[in-house]
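In: sequence first, predicted coordinates after that:
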Amino acid sequence: MNVRSYTKLFASIIKTNKYPYSLTSIANELGFNHWKQIEKYVKMLDVDINHKNYLYQSSFGKRYSEKFFELVKAKLNN
């Protein structure tokens, strides 16, 4: 692995800390059985799941921010 690869790796780790959730972890936290249920629920709420404040897409997969988690949680509790 060359130095540029390490730079990309560390940048991705830093971003992942800012976007700590996968859809699976959000589903688990909110009592859903599967990530597809959260995806379907969010679509019903008319929330842009791909908004830059909510989503970070890395080579490790899609990660979601605390802001996204709190929004979904708040809407679920209403």
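Out: That came through, no problem. Residues are numbered from 1 along each chain as shown.

In: in terms of contact, does residue 68 touch residue 21 like I think?
Out: Yes: using Cβ atoms under 8 Å, residue 68 is in contact with residue 21, at 7.2 Å. Backbone N, C-alpha and C define where each C-beta goes, glycine included.

In: what about the residue nearest the centre of the chain, distance to residue 6?
Out: Computing the C-alpha centroid of the chain and ranking residues by Cα atoms, centre = their mean puts residue 64 first, at 1.7 Å. Here residue 64 is placed at a distance of 25 Å from residue 6 (Cβ to Cβ, to the nearest Å).

In: can you pull out the helices in the chain?
Out: Under the criterion DSSP state H, helices of the chain are mapped to 3-18, 23-29, 35-45, 66-77.

In: any idea which of those helices gets closest to residue 59?
Out: Of all the helices of the chain, the one in closest proximity to residue 59, counting by Cβ to Cβ, is helix 3-18 (6.7 Å).

In: pLDDT of that closest one, averaged?
Out: Across helix 3-18, pLDDT averages out at 69.

In: likewise stretch 28-38?
Out: 92.

In: can you list the buried residues in it?
Out: For stretch 28-38, a neighbour-count test (16 or more other Cβ atoms under 10 Å) marks 32, 35, 38 as buried.

In: now the second one: how far from residue 64?
Out: From residue 35 over to residue 64 the distance is 11 Å, taken as Cβ to Cβ.
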